[in-house]
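Novice: Provided below are the primary sequence and the corresponding predicted coordinates.
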Amino acid sequence: GKISKRRLIFPENTENNYREITVNGKNYYLYHTFYPFQLDINWENPEVLYYMLDTISNWANLGIDIFRMDAIPYLSKESGTNAENQPKTHAIINLLSDYIQLTAPSSVIQVEACQTPKDILPYFGKDREVETRIDNENIKFKRTSEAQIAYHFPYMNALWASMVTGDKKYFIEAYKKTPPIPKSAVWGNFLRVHDELTLEMVSPEVRNIIFEDLVSKGANFRNGFGVSGRLSNFLDKNPNRIEQAFAMLFSVPGIPIIYYGDEVGVANNFENAKKQQYHRLKKTKNLSSGFDSRDINRGEVPKKLFYGSTKGYYEFNSKVYKKIKNLIAIRKTLPVMVNGDFEILKTKSENNFCYIRKNKEQQILVINNLSKDKLIAEITLPPNIILKNNGHITSLKNLINGDDVKVNISLQNRTMHLRIAPYQVLWLKL
């Protein structure tokens, strides 16, 4: 037979990809990509495929907008392959996308794969025109042939590296390495999810920088290849740092994804990790070590905390809620943050991360002070802004809080100077 060489995702928990079980006195080997208790399904079995299509229809009829496909590189397991990114995997996603576009055209597929953007690119497929009939009317729209949204893991790592070090270069490098994608597709950007903050794809230098800063605020995962924890803990429960993190998430190219609870500053929950360890050991017996550090950023969020935060009952949580709600409301009034061009500007300080979102109708200048210290920002502006009003611009409106921000523009050097507070973010209307 063919020999298959495949990497183990959790080598600390299993020695291979097979789990032996006995049914009616007969032994069977079942395949698992991840933990032994997380068995893979066989997409090539027609009964399994039809069951999945029926499940999709059920949820689509209940109004689901986005179907998330987890760990997509591992759907097909051809003999003699590494079982990653196989042609049949693309065929499966293509089939599911066809089905959704024909039966539930308002729904889309979002894929998750902890890989580089160039490796994710094929999972979008190609732009194409789809025609369907809704309420006795033929509707045409453009959709990609596979996924329409994909998580951008390098952006997540880059944002954290820039926030941890106060150096904008990490995000700029990630942006430059991101390839163009089909027009009807979009990247999904995030700061935290239900899993660890993975450090698998970054360089050893960046991995060490992020891990060393965050591990004491959360918990180790996979021996330094990840760190578990909540966003509020990672950002020292500083409402201004949290606001800046979300402001960047909302203003860089892509769809912002908020992990539940982060919008009210939910903290690490070690009690949940202990509880899940107990239940996991009871359920899986010797199939896992029981403890999963990711459980500290999972679990229930008390209803009292959610609603109390909206009412101002908790000083920290209510402050975070108010800031994030404000950013969401402002972003909804700015289509340029959704589909505008993205231009990174030159700044004198590495702490000053500055860019413009622009289209034919709007231009928004975004200025971030990534440092804990006050900053006199020096920004090189495009000629069209410098020449606006012959350079006689003395203040610009900050859309985040409505303040007029004093600026000093030099026509000769094409630069703008202004004072910016620690961890402050400005969305200036040009």
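Specialist: Everything's here; your move. Residues are numbered from 1 along each chain as shown.
Novice: Going by C-alpha atoms from here, please, whenever you check contacts or count neighbours.
Specialist: Fine.
Novice: who touches the spatially most central residue of the chain in this structure?
Specialist: What sits nearest the mean C-alpha location of the chain, by C-alpha atoms, centre = their mean, is residue 190, with 2.4 Å. By C-alpha atoms under 8 Å, 6 or more residues apart in numbering, residue 190 lies in contact with 151, 152, 156, 249, 256, 257, 258, 259.
Novice: Could I get these in TSV, plus columns for distance to residue 310?
Specialist: Shown next, in TSV, are the contacts of residue 190 (distance: C-alpha to C-alpha, whole Å):
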residue	distance to residue 310
151	29
152	30
156	27
249	22
256	21
257	20
258	17
259	17
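Novice: so where do the strands sit in the stretch 251-400 of the chain?
Specialist: 255-257, 341-344, 352-358, 363-369, 375-380, 395-397 (DSSP state E, counting those that start in this stretch).
Novice: thinking again about what came up before, what's the ChimeraX syntax to select whichever of the contacts of residue 190 are buried?
Specialist: A single ChimeraX command suffices to select whichever of the contacts of residue 190 are buried according to 16 or more other C-alpha atoms under 10 Å:
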select :151,152,156,249,256,257,258,259
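Novice: Show me which pair in the contacts of residue 190 is furthest apart.
Specialist: Between any two of the contacts of residue 190, the greatest separation by C-alpha to C-alpha is 14.8 Å, found for 152 and 259.
Novice: for this protein, which spans come out with low pLDDT?
Specialist: Residues of the chain that meet the criterion pLDDT under 70 lie in 1, 3, 284-289, 389, 391.
Novice: What segments of it are helices?
Specialist: Applying DSSP state H to the chain gives helices spanning 46-61, 87-103, 117-120, 153-165, 169-176, 204-214, 231-234, 239-251, 270-284, 303-311, 315-332, 336-339, 383-386.
Novice: now for the fifth one, which elements pack on it?
Specialist: Using 3 or more C-alpha pairs under 8 Å, 6 or more residues apart in numbering; DSSP states H and E as the contact criterion, the neighbours of helix 169-176 among helices and strands are helix 153-165.
Novice: Now do the helix it packs on against helix 169-176, angle only.
Specialist: Angle, helix 153-165 to helix 169-176, by axes from the mean of the first three to the mean of the last three C-alpha atoms, to 10 degrees: 160 degrees.
Novice: buried set for helix 153-165?
Specialist: Quick answer for helix 153-165 (16+ other C-alpha under 10 Å): 153-165.
Novice: Next: stretch 420-429.
Specialist: Neighbour count says stretch 420-429 has 420, 423, 424, 425, 426, 427, 428 buried, by 16+ other C-alpha under 10 Å.
Novice: can you tell me which of the contacts of residue 190 lies nearest to residue 404?
Specialist: Distances from residue 404 to these, taken by C-alpha to C-alpha, are shortest for residue 249, at 23.6 Å.
Novice: Could you measure from the closest residue to residue 112 other than its chain neighbours over to residue 154?
Specialist: Spatially, and ignoring its direct neighbours in sequence, residue 112 is nearest to residue 70 (5.0 Å; C-alpha to C-alpha, 6 or more residues apart in numbering). Separation of residue 70 from residue 154 (C-alpha to C-alpha, to the nearest Å) stands at 17 Å.
Novice: Over to residue 417?
Specialist: 31 Å.
Novice: What of residue 199?
Specialist: 9 Å.
Novice: Next: residue 341.
Specialist: Residue 341 is 20 Å from residue 154, where distance means C-alpha to C-alpha.
Novice: contacting residues for residue 396?
Specialist: Residue 396 is in contact with 404, 405, 406, 407, 428, 429, 430, counting by C-alpha under 8 Å, 6+ apart.
Novice: ok, of the residues you listed, which one's closest to residue 268?
Specialist: For these, the nearest to residue 268 is residue 428 (34.3 Å; C-alpha to C-alpha).
Novice: so what's residue 48 closest to, chain neighbours aside?
Specialist: Residue 48 sits nearest to residue 42 (C-alpha to C-alpha, 6+ apart), 6.8 Å away.
Novice: hmm, I was thinking of residue 298
Specialist: residue 194 (6.1 Å).
Novice: Cross-check the contact I'm expecting between residue 157 and residue 200.
Specialist: No. Using C-alpha atoms under 8 Å, residue 157 is not in contact with residue 200, being 9.8 Å away.
Novice: how much space between the residue lying closest to residue 257 once chain neighbours are set aside and residue 408?
Specialist: Closest residue to residue 257 in three dimensions, ignoring its sequence neighbours and counting by C-alpha to C-alpha, 6+ apart: residue 190, at 5.0 Å. Residue 190 sits at a distance of 34 Å from residue 408 (criterion: C-alpha to C-alpha).
Novice: just residue 132 next, same as before
Specialist: Applying C-alpha to C-alpha to residue 132 and residue 408 gives a distance of 55 Å.
Novice: cool, residue 388 as well?
Specialist: Look at residue 388 and residue 408: by C-alpha to C-alpha, they are 14 Å apart.
Novice: The two: who's more crowded?
Specialist: More crowded of residue 388 and residue 408, by other C-alpha atoms under 10 Å: residue 408, with 16 against 11.
Novice: surely that one meets residue 416?
Specialist: Yes. Contact criterion C-alpha under 8 Å: residue 408 and residue 416 qualify, at 5.5 Å.
Novice: coming back round to it: next, format the helices of the chain as a markdown table and append distance to residue 14.
Specialist: Listed next are the helices of the chain as a markdown table, based on distance: least, C-alpha to C-alpha, whole Å:
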| stretch | distance to residue 14 |
| --- | --- |
| helix 46-61 | 26 |
| helix 87-103 | 24 |
| helix 117-120 | 27 |
| helix 153-165 | 26 |
| helix 169-176 | 33 |
| helix 204-214 | 24 |
| helix 231-234 | 30 |
| helix 239-251 | 36 |
| helix 270-284 | 13 |
| helix 303-311 | 38 |
| helix 315-332 | 40 |
| helix 336-339 | 43 |
| helix 383-386 | 59 |
